[in-house]
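Undergrad: Quick check, what structure comes out for this input:
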Amino acid sequence: MQEWANQLCENRQFGSKMTDSKYFTTTKKGEIFELKAELNSDKKEKKKEAVKKVIASMTVGKDVSALFPDVVNCMQTDNLELKKLVYLYLMNYAKSQPDMAIMAVNTFVKDCEDPNPLIRALAVRTMGCIRVDKITEYLCEPLRKCLKDEDPYVRKTAAVCVAKLHDINAQLVEDQGFLDTLKDLISDSNPMVVANAVAALSEIAESHPNSNLMDLNPQTMNKLLTALNECTEWGQIFILDCLANYTPRDDRESQSICERVTPRLSHANSAVVLSAVKVLMKFMEMLPKDLDYYGTLLKKLAPPLVTLLSAEPELQYVALRNINLIVQRRPEILKHEMKVFFVKYNDPIYVKLEKLDIMIRLASQANIAQVLAELKEYATEVDVDFVRKAVRAIGRCAIKVEQSAERCVSTLLDLIQTKVNYVVQEAIVVIKDIFRKYPNKYESVIATLCENLDSLDEPEARAAMIWIVGEYAERIDNADELLESFLEGFHDESTQVQLQLRTAIVKLFLKKPTETQELVQQVLSLATQDSDNPDLRDRGYIYWRLLSTDPVAAKEVVLAEKPLISEETDLIEPTLLEELICHIGTLASVYHKPPSAFVEGRGQHKRLPGSGGSAESESPDAVSAGAANEVAAVIPSQGDLLGDLLNLDLTPPATTGPPPHSGGMQLGAMDLLGGGLDSLLGGDLGGSPAMGAGFGAAPAAMPPAFSAPVSGGLEDLFDLGGGVGMPLGSFCPPKTVWLPAMKAKGLEISGTFVRRAGVIQMEMTITNKAMSVMTGFAIQFNRNSFGLAPAGPLQVLTPLSPNQNIEVSLPLNTVGPVMKMEPLNNLQVAIKNNIDVFYFSCQYPISVLFVEDGKMERQVFLATWKDIANENESQFQIKDCHLNSDTASNKLQTSNIFTIAKRTVDGQDMLYQSMKLTNGIWVLAELKIQAGNPNYTVSLKCRAPEVSQCVFQSYEAVLKN
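TA: Below you'll find the predicted structure:
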């Protein structure tokens, strides 16, 4: 549609707008026949009028495909307007008439050699828009000529055409060498050609993240920066986005690039400004903070961001969402610009809420008085959502700036006195958080809060008030009466209130046992006998057994000192923030989600330079494996992990016996408190037999290794059908750093995965870089795609002294809970020692899941290949591999990728292979190896096509190892 619109707009210069409307009027029956006659007329004007009528009919949705041959015949003309109209028709109907579209090929070839550059460009642009696989190969020669055309307008159009052609037939574009020509265009003398070449290469690179098309080096960077000053605004955006993917060699190069990009900050187009900010934010990471230029750059970044806030509300919102990220990373940029974020009366609600959030992030001791006065004013507005957020913001200020806490509490009390229901409820919620941050400091306000007890009707506010009463029960004379009033409608309350009420009454009982025994029995009876909520009931049982078995232990657990809440509870997790900074000016920065969360196939994660941990904590293996995305980041604290990781049993390992294997261990049935639930509750609750069985329990023995040979039923072409035990040369990826010491209080873990004798092993080097001894190691996995779970405890039997490391091999099984991960081979791990619990994620090669009986019989292979739908077939390129087919087959055999048959066609060896995953999924493969050609083609077929990408990665890793 965009192409149609562009061409129709261009056509206006050839005809009056007053007369064009006549083509859209309804005509009589027999219209197609009449148009056919007119299209074949000898008169040029009549022919042009007929084509205009055809385009008008097509635009309003009428089917005029029957006229395809007649319209195509009109291509042979010198009239530019008529040619454009015919090309427009061709773009629309070529897909439905591919055989007829071939008729137009000769005209394209001829037009690509026309003396007029406009016609040459028009031909090449239309070629790119005709998405018909049949005719693409005929268009390669004209496109090659246009890529080297003397006119820059033709070259820039041809550059975009390569990206469109790559989308239709990627293999053809690579074979024809268009990608190399496209790279050469980056050195073009015309800036617009450079910009379009960069745009085309970026588009292709995004769809093929492992292709390494954008080979950025200082020479290329210099050319791009030169073109940056002269091309159009959209060309500048493409170039800036490309610059953002470059990693400078040192701080001098970073400074040089920043100096040349800084003028873009004053551009009128907000997209150019944000792209420039993205580049500068990334390269600032490489600049020393004591450098004078660093301070100058910080000052230069503030004015353009402030200017963006004077645009339309929609642009303001986009700018504010990006500023929110920038402020979290570098608050010093806008620390003196607080007034810009004060809310205006006519701002839309979405802008108001975003400004409010940024105000809190910028709040400091220097400006807190100004901020509080503004927030108090907002709390009297008429917009309920905005008022609620303003009241919460006052509480956040109190928690963030300690010197302002008293003033904030006073402001909140003034707001409570207004007796506005929703204001009172929000104020009570935030005062609860202030009590958590500053214990024993502002409890004098409790009496005022209790006066408003009857007006609370929202679950969060009621739960907050109940928490306050339970926490400070010893200071409230009638605490039992207050809690009893809530108990009257216990079953009508929300789960949040019920849980809080039960805990508050238990606290009250532990503080005043003689007066409240009846009350605690009542609430526990309601929670355990009359409730159908499993969470409420189970916690009720725990409290009941705890109180009846050991009241002293109950007091230590329930009334334990609580940790202070953090200053900023809503900050984006650091690794996610780094990725979002790399996507400033895109949808990711507005959603505050990585592109992979909302765009399929965008799984490449970007990081700021130097964010992978200190140089000391990163091994050479980790650096070399970086390109393959093997280095894992610490897990973000996101919702999908919370429930699972809370269920982990991290009790210390047993110190006797061989490495055990846990047969039917279930994650949800593990001991939550580390001492065995049965012993805690003083008896069996009639639950599952596995209840309370943590790592300390004695599990079943490891299953014996596979030893029986498996025959394929037919003669093996490569004599590969011996025993199925893993040969000695099996592929083992190099160890990479999974958990850097700087992120785990001195604990560093590097590791890899390997399959030996039919058993998956997680091999780790655990290093203590802290100053204290580490003991009590335990490990657990989150649910994952293939049910990987430890087959026994983590065997670190001796204390780990400072600067000491130990090699550990943990056997794994595949009987754990299953949940599809992204990427599929992602594994989330929790590891505990005497210092803390740490979380990290890593990716295992899927080849460790290939089982030893994965060799399929030939007839079964043939029938299965035919039976699997063609859309389940994926094709990949393995580049720079110099093995013959026999060597490749033997290498793959070591990873349980079995060759079923081999045949040679026109000098090309075709290997037909099969492999079977631990969960029973079969993958069939066809590997093409051409003598003298270092690039292999592997086609994978599987009933679960989502595993194909991981299988390809294993092929590549094994063959290149």
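
Undergrad: Tell me if I am right that P288 is in a helix.
TA: No - using DSSP: H, G, I helix; E, B strand; the rest coil, the assignment for P288 is coil, not a helix.

Undergrad: Give me the distance between stretch 105-116 and the centre of its chain.
TA: Offset of stretch 105-116 from its chain centre (CA atoms, centre = their mean, to the nearest Å): 45 Å.

Undergrad: Any regions of the stretch 151-300 of the chain where pLDDT drops low?
TA: Low-confidence segments of the stretch 151-300 of the chain, defined by pLDDT under 70, are located at 209-212.

Undergrad: Restrict the helix or strand harbouring L501 to CA atoms and write it as PDB.
TA: Element membership for L501 (DSSP states H and E) is helix 495-511. Listed next in PDB are the C-alpha coordinates belonging to helix 495-511 (Å, rounded to 0.1, in the frame of the first residue of the first chain):
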ATOM      1  CA  THR A 495      -6.900 -13.700  50.000                       C
ATOM      2  CA  GLN A 496      -4.400 -10.800  50.500                       C
ATOM      3  CA  VAL A 497      -6.300  -9.600  53.600                       C
ATOM      4  CA  GLN A 498      -7.000 -13.200  54.900                       C
ATOM      5  CA  LEU A 499      -3.200 -14.000  54.800                       C
ATOM      6  CA  GLN A 500      -2.200 -10.800  56.500                       C
ATOM      7  CA  LEU A 501      -4.900 -11.100  59.200                       C
ATOM      8  CA  ARG A 502      -3.800 -14.700  60.000                       C
ATOM      9  CA  THR A 503      -0.200 -13.600  60.400                       C
ATOM     10  CA  ALA A 504      -1.100 -10.500  62.400                       C
ATOM     11  CA  ILE A 505      -3.200 -12.500  64.900                       C
ATOM     12  CA  VAL A 506      -0.300 -15.000  65.300                       C
ATOM     13  CA  LYS A 507       2.000 -12.100  66.000                       C
ATOM     14  CA  LEU A 508      -0.500 -10.700  68.500                       C
ATOM     15  CA  PHE A 509      -0.700 -14.100  70.200                       C
ATOM     16  CA  LEU A 510       3.100 -14.400  70.500                       C
ATOM     17  CA  LYS A 511       3.200 -10.900  72.100                       C
END
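
Undergrad: Show me what that helix is packed up against.
TA: Contacts defined by 3 or more CB pairs under 8 Å, 6 or more residues apart in numbering; DSSP states H and E place helix 495-511 against helix 459-471, helix 479-487, helix 517-528, helix 534-549, helix 551-558. The C-beta positions use only the backbone N, C-alpha and C, and glycine is treated the same way.

Undergrad: most neighbours per residue, which of these?
TA: helix 459-471 (a mean of 23; mean count of other CB atoms under 10 Å).

Undergrad: and the helix holding L501, what's its mean pLDDT?
TA: Average pLDDT, helix 495-511: 90.

Undergrad: Can you point out the buried residues in that helix?
TA: Under the neighbour-count criterion of 16 or more other CB atoms under 10 Å, helix 495-511 has 497-511 buried.

Undergrad: Tabulate the helices and strands packed on helix 495-511 in a markdown table, adding columns for distance to T136 and mean pLDDT.
TA: Formatted as a markdown table, the helices and strands packed on helix 495-511 follow (distance: least, CB to CB, whole Å; pLDDT from 0 to 100):
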| stretch | distance to T136 | mean pLDDT |
| --- | --- | --- |
| helix 459-471 | 60 | 90 |
| helix 479-487 | 72 | 85 |
| helix 517-528 | 69 | 87 |
| helix 534-549 | 59 | 88 |
| helix 551-558 | 71 | 86 |
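
Undergrad: could I get those as a markdown table with distance to V173?
TA: Shown next, in a markdown table, are the helices and strands packed on helix 495-511 (distance: least, CB to CB, whole Å):
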| stretch | distance to V173 |
| --- | --- |
| helix 459-471 | 57 |
| helix 479-487 | 70 |
| helix 517-528 | 66 |
| helix 534-549 | 56 |
| helix 551-558 | 66 |
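
Undergrad: Please identify which of these is closest to G792.
TA: Of all the helices and strands packed on helix 495-511, helix 534-549 sits nearest to G792, with 28.4 Å by CB to CB.

Undergrad: domains of this protein?
TA: 363-454, 458-559, 736-844, 849-960 (the TED database).

Undergrad: who wins for proximity to I32 among those domains?
TA: That would be domain 849-960 among those, by CB to CB, at 36.6 Å.

Undergrad: before we move on, back to that, nearest to N190, of the domains of the chain?
TA: Comparing the domains of the chain under CB to CB, the one sitting nearest is domain 849-960, at 31.5 Å.

Undergrad: distance between the ends of that closest one?
TA: With CA to CA, to the nearest Å as the measure, the first residue of domain 849-960 is 19 Å from its last.

Undergrad: cool, stretch 798-812 as well?
TA: First residue to last in stretch 798-812 (CA to CA) measures 22 Å.

Undergrad: Name the spans of the chain whose pLDDT lies under the cut-off.
TA: Ranges of the chain meeting pLDDT under 70: 1-30, 209-212, 567-569, 601-605, 607, 610-730.

Undergrad: what about 50?
TA: 1-2, 4-5, 8, 12-18, 29, 612-728 (pLDDT under 50).

Undergrad: Can you show me the strands along it?
TA: 736-739, 747-756, 759-768, 778-781, 789-790, 805-813, 826-832, 837-843, 873-878, 898-905, 908-916, 922-930, 936-942 (DSSP state E).

Undergrad: Would you give the sheet partners of the second one, along with the direction of each?
TA: What that stands for is strand 747-756. Strand pairing for strand 747-756, using DSSP bridges, gives strand 736-739 (antiparallel), strand 759-768 (antiparallel).

Undergrad: Out of those, indicate the one that is most buried.
TA: Buried most deeply of the strands paired with strand 747-756, by mean count of other CB under 10 Å, is strand 736-739, with a mean of 25.

Undergrad: Tell me the one among the buried residues of helix 495-511 nearest to L172.
TA: L499 (62.2 Å).

Undergrad: ok, now how distant is the residue nearest to the closest one when sequence neighbours are not counted from L487?
TA: Of all residues not flanking L499 in the chain, L536 sits nearest, at 6.2 Å (CB to CB, 6 or more residues apart in numbering). Distance of L536 to L487, given as CB to CB, to the nearest Å: 14 Å.
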